[in-house]
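Participant: give the three-dimensional model of this entry:
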Amino acid sequence: MTLQVAAALVATVGLATWQITRALDKMELANARDVRLQAAPVEAARYAPQTPDFTRLALTGHYDTKRLFFVAERPRARGFDVVAVLKTDAGRFLVNRGWKHQSPSQAVPETPTGMVSVIGVVWPTTPVSDGLRQEVWAEGWPKTARVVTPERMAEATGAHAREIRLESGGAGVFRAAALSWDYGPGTHWSYAVQWLLIGLVVGVGYVLIGRRRGREAKDDA
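Facilitator: Coordinates of the predicted model:
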């Protein structure tokens, strides 16, 4: 029994330590996110596929007035995110122009035709299910989609395979997409406490059982 309890204590402490490490890693990522969101934007020419998430980019160019994606999780939603292509000297960028409150079946949202300068944030790419990643798009433009899939959208437009969320106030930006991102360190702290409590219960239970057996042995003597 002693060996079993010892193994259980080692396991719970190890799992708690792992969760604490994960929480600290998430806090470090959150701090890096905040620093980048508060930093001055970098020029688009400095963009590379390995550019860190949440880097602010200064983009100057022309919108592609034809290649638009209307992104809404529900097919009949009363609005959608407009993902467009911004053509710059540093290449084409997939820019999220924000939420437009109208039905996708209505008129195509107005797109500025001249030179524009906007600030965007390099957004993390999140995994999606195979069904959503391979959803069927209608022929022609604009296209409707249920999620943003940067790699597939890039293949269709020749753009960089990252979503750039435009900040509010820029030309062609509707209701800007949210820039909040929760790394969730609190969940790992909660799990760490739970594992430590389990270890404590095991340890206390072992001590109580040991004392009880000790008393029973004295009584038998």
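Participant: for the protein, longest strand please?
Facilitator: strand 56-71 (DSSP state E).
Participant: show me what that strand is packed up against.
Facilitator: strand 42-43, strand 80-88, strand 91-100, strand 116-122, strand 143-145, helix 150-157 (3 or more C-beta pairs under 8 Å, 6 or more residues apart in numbering; DSSP states H and E). Placement of C-beta: from N, CA and C, glycine included.
Participant: as a markdown table, these with mean neighbour count would be great.
Facilitator: Below are the helices and strands packed on strand 56-71 laid out as a markdown table (neighbours: other C-beta atoms under 10 Å):
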| stretch | mean neighbour count |
| --- | --- |
| strand 42-43 | 14 |
| strand 80-88 | 23 |
| strand 91-100 | 21 |
| strand 116-122 | 21 |
| strand 143-145 | 18 |
| helix 150-157 | 17 |
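Participant: what strands line up against the longest strand of the chain, and which way round?
Facilitator: Counting by DSSP bridges, the strands paired with strand 56-71 are strand 42-43 (parallel), strand 80-88 (antiparallel), strand 116-122 (antiparallel), strand 143-145 (parallel).
Participant: these: which one's closest to Gly205?
Facilitator: Counting by C-beta to C-beta, Gly205 lies closest to strand 116-122 out of the strands paired with strand 56-71; the figure is 51.0 Å.
Participant: roughly how far out does the closest one sit from the chain middle?
Facilitator: Centre-to-centre, strand 116-122 and its host chain are 19 Å apart (C-alpha atoms, centre = their mean, to the nearest Å).
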